[in-house]
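Peer 1: Sequence and predicted structure below; questions after.
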Amino acid sequence: MPMKKSRFAAFFLCLLLCAPCEVALAAQEPEAPVLRQYTAELTALTSSKYYWDDDTQRYLDYKVLHPDASWVSVITNVNIGLDHDFYTDTVSAINIGSTNVLVNKYHALPKTYVPKGLETINAKYSVGTQKLTRSARLAFEKMCADAKKLGYKIFATSSYRSYDKQAAVYDSFYTPDDPTVQDRLAARPGYSEHQTGLAVDVIRSSTALTNTSTYKWYVKNAYKYGFIIRYPDGKESVTGYSFEPWHLRYVGVKLATAVFKSGLTFDEYYAQEIALPVKSGVVKAVGLTVTAQISVAGLITQLSTIEVNGNTYFKLRDIAALLNKTSLQFDVAWDPAAQKIVLLKGSPYTGDPTITVVDANKTALVTSSIPALALGDVISPASAINTGGTTYVTLPDLAALLGFTYMIDEGGVIYLSGV
């Protein structure tokens, strides 16, 4: 049912915004057709539960750099932070102390953080003194005990580490000949799951761990006890770490089961299912900012416009400012009783006359402005759009209301007539 609603919303918005637009814009950069395609594709995804409105431009930029990536991957990767280098644009981890806390190369723990309720793992299942939070310890010992009954030996080799301990571990991996090895094999202090008291490294063998019967058992069963393999094979580009078959992370049985069955890393699952924006229910579309040249009374002015679903929208206030002191001057007012935007034809424009041109080829998340423009009792059949509190309209709709005409020359300049 949610999918059907999403498709209906996208379809409704397409109908809402598809007023015919005859305006030809000045020549765009070569990538503009591709960007138009991407913004149209993004429009269909704005209602997705893990689509963050504020990250629209980041999604577009990432897609441009990774054209073969699916939109699901694009949105997920940007939500993780993968459009930035590891350990850049970092934030503090949230829900610290909960079993679903996300700690990775973008989410850090405070230097002074020590989890509550650390308990020592039973010596039968650990090498030396190892600690986990109570829920993780009980689950780990249960898994080890059940595995032992089947002839498998699982024991903790490393679990909770303080910030300072992690700093020493990280430093131990420094390789002068290849400094990148250090970050692939160890977390920087503050960015280690071990500091949460929810992570545990298990058996290491003289033979390849993944070839052992013990590994083959827990890779299929660890989730039943609330553990996931945190850094899976083939996911280094997502996690930032080389495959670590020994590193288990406790998230609880319910979440571990969901992550296991999804086939995703915890980072990906978190981005798609846990860290979700609050949806307003407002239908939105993704527009592309472009520029157009328009001539009024012999003066050519460059305007910022937005392309949405193949239609070009102009700032209403820009057109009002351009037509001010001409025979088609008009002011803009809001009728709160009728809930409509009213054009006051013949009245001087009283708003801000400044015309600001924004960067082209940037995304703009827009919503429909309902109802549309009105001139007396005449209401434009097409809706305007709104972004950032600014109303945009198509030139054909405005021309039909105000009674002017226009033409476009070979250079793409739009000439208004009847002013």
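Peer 2: That came in fine, so what should we check first?

Peer 1: who touches the residue nearest the centre of the chain in this structure?
Peer 2: For the chain, the residue nearest the mean C-alpha position is residue 79 (4.2 Å; Cα atoms, centre = their mean). Residues counted as contacts of residue 79 (Cβ atoms under 8 Å, 6 or more residues apart in numbering) are 50, 52, 55, 271, 272, 275. Yep, even glycine has a C-beta here, placed from its N, CA and C like the rest.

Peer 1: what is the mean pLDDT for stretch 246-264?
Peer 2: Per-residue pLDDT over stretch 246-264 has a mean of 98.

Peer 1: still on that earlier bit, now, the most widely separated pair of the contacts of residue 79?
Peer 2: 55 and 272 (13.8 Å; Cβ to Cβ).

Peer 1: so where do the helices sit in the protein?
Peer 2: Along the chain, the segments classed as helices by DSSP state H run 2-17, 32-43, 56-65, 71-80, 134-149, 163-172, 180-185, 213-221, 236-239, 253-262, 266-269, 316-323, 395-402.

Peer 1: relative to helix 32-43, how tilted is the fourth one?
Peer 2: Read it as helix 71-80. Orientation of helix 71-80 against helix 32-43 (axes from the mean of the first three to the mean of the last three Cα atoms, to 10 degrees) gives an angle of 80 degrees.

Peer 1: Which residues in helix 71-80 does the neighbour count mark as buried?
Peer 2: Buried positions in helix 71-80, judged by neighbour count with 16 or more other Cβ atoms under 10 Å: 71, 73, 74, 75, 76, 77, 78, 79, 80.

Peer 1: Poorly predicted segments of the stretch 201-350 of the chain, please.
Peer 2: Scanning the stretch 201-350 of the chain for pLDDT under 70 picks out 205-207.

Peer 1: Please name every helix or strand in contact with the strand ranked longest in the chain.
Peer 2: Counting by DSSP state E, the longest strand found in the chain is strand 284-296. Under the contact definition 3 or more Cβ pairs under 8 Å, 6 or more residues apart in numbering; DSSP states H and E, strand 284-296 sits against helix 2-17, helix 32-43, strand 299-308, strand 311-315, helix 316-323, strand 363-369, strand 384-387, strand 414-417.

Peer 1: Save the ones you listed as a markdown table, and put in mean neighbour count and distance to residue 333 too.
Peer 2: Shown next, in a markdown table, are those (neighbours: other Cβ atoms under 10 Å; distance: least, Cβ to Cβ, whole Å):
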| stretch | mean neighbour count | distance to residue 333 |
| --- | --- | --- |
| helix 2-17 | 14 | 23 |
| helix 32-43 | 18 | 31 |
| strand 299-308 | 19 | 22 |
| strand 311-315 | 22 | 16 |
| helix 316-323 | 22 | 11 |
| strand 363-369 | 21 | 14 |
| strand 384-387 | 22 | 14 |
| strand 414-417 | 17 | 22 |
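
Peer 1: is it possible to export the ones you listed to TSV including distance to residue 230?
Peer 2: TSV is the format used below for the helices and strands packed on strand 284-296 (distance: least, Cβ to Cβ, whole Å):
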stretch	distance to residue 230
helix 2-17	29
helix 32-43	31
strand 299-308	42
strand 311-315	47
helix 316-323	52
strand 363-369	34
strand 384-387	40
strand 414-417	57
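
Peer 1: what's the closest of those to residue 158?
Peer 2: helix 2-17 (42.0 Å).

Peer 1: Ramachandran coordinates for the residue of the chain most remote from its centre?
Peer 2: The outermost residue of the chain, judged against the average C-alpha position, is residue 327 (46.8 Å), by Cα atoms, centre = their mean. Phi and psi for residue 327, reported as degrees, to the nearest 10, are phi -70, psi -10.

Peer 1: Distance check, it against residue 416.
Peer 2: Using Cβ to Cβ, to the nearest Å, residue 327 is found at 11 Å from residue 416.

Peer 1: With residue 241 instead?
Peer 2: From residue 241 to residue 416 the distance is 60 Å (Cβ to Cβ).

Peer 1: got a list of what the nearest residue to residue 232 once chain neighbours are set aside touches?
Peer 2: Leaving out its chain neighbours, the residue that sits closest to residue 232 by Cβ to Cβ, 6 or more residues apart in numbering is residue 265, at 6.2 Å. Counting by Cβ under 8 Å, 6+ apart, residue 265 makes contact with 230, 231, 232, 235, 238, 239.

Peer 1: And residue 265, how far from residue 259?
Peer 2: 8 Å.

Peer 1: Ok, residue 89 next?
Peer 2: From residue 89 across to residue 259, the span is 25 Å (Cβ to Cβ).

Peer 1: and residue 221, what does it touch?
Peer 2: Going by Cβ under 8 Å, 6+ apart, residue 221 touches 143, 147.

Peer 1: let's number from 862 now, not from 1
Peer 2: Got it, first residue is 862 now, which makes that one residue 1082.

Peer 1: and it, how far is that from residue 1249?
Peer 2: Distance, residue 1082 to residue 1249, using Cβ to Cβ: 52 Å.

Peer 1: repeat for residue 1123
Peer 2: Residue 1123 is 36 Å from residue 1249, by Cβ to Cβ.

Peer 1: Looking at those two, which is more packed in?
Peer 2: Taking other Cβ atoms under 10 Å, residue 1123 and residue 1249 do not tie; residue 1123 has more neighbours (13 against 7).

Peer 1: Go ahead and confirm the more buried one touches residue 1130.
Peer 2: Yes. Contact status for residue 1123 versus residue 1130: in contact at 5.6 Å, counting by Cβ atoms under 8 Å.

Peer 1: related to what we said a few turns ago, which one of the contacts of residue 940 sits closest to residue 1051?
Peer 2: residue 1136 (19.5 Å).

Peer 1: before we move on, back to that, kindly reformat the helices of the chain as JSON lines containing distance to residue 978.
Peer 2: As requested, those are exported to JSON lines (distance: least, Cβ to Cβ, whole Å):
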{"stretch": "helix 863-878", "distance to residue 978": "38"}
{"stretch": "helix 893-904", "distance to residue 978": "44"}
{"stretch": "helix 917-926", "distance to residue 978": "38"}
{"stretch": "helix 932-941", "distance to residue 978": "29"}
{"stretch": "helix 995-1010", "distance to residue 978": "5"}
{"stretch": "helix 1024-1033", "distance to residue 978": "18"}
{"stretch": "helix 1041-1046", "distance to residue 978": "29"}
{"stretch": "helix 1074-1082", "distance to residue 978": "24"}
{"stretch": "helix 1097-1100", "distance to residue 978": "27"}
{"stretch": "helix 1114-1123", "distance to residue 978": "18"}
{"stretch": "helix 1127-1130", "distance to residue 978": "22"}
{"stretch": "helix 1177-1184", "distance to residue 978": "59"}
{"stretch": "helix 1256-1263", "distance to residue 978": "64"}
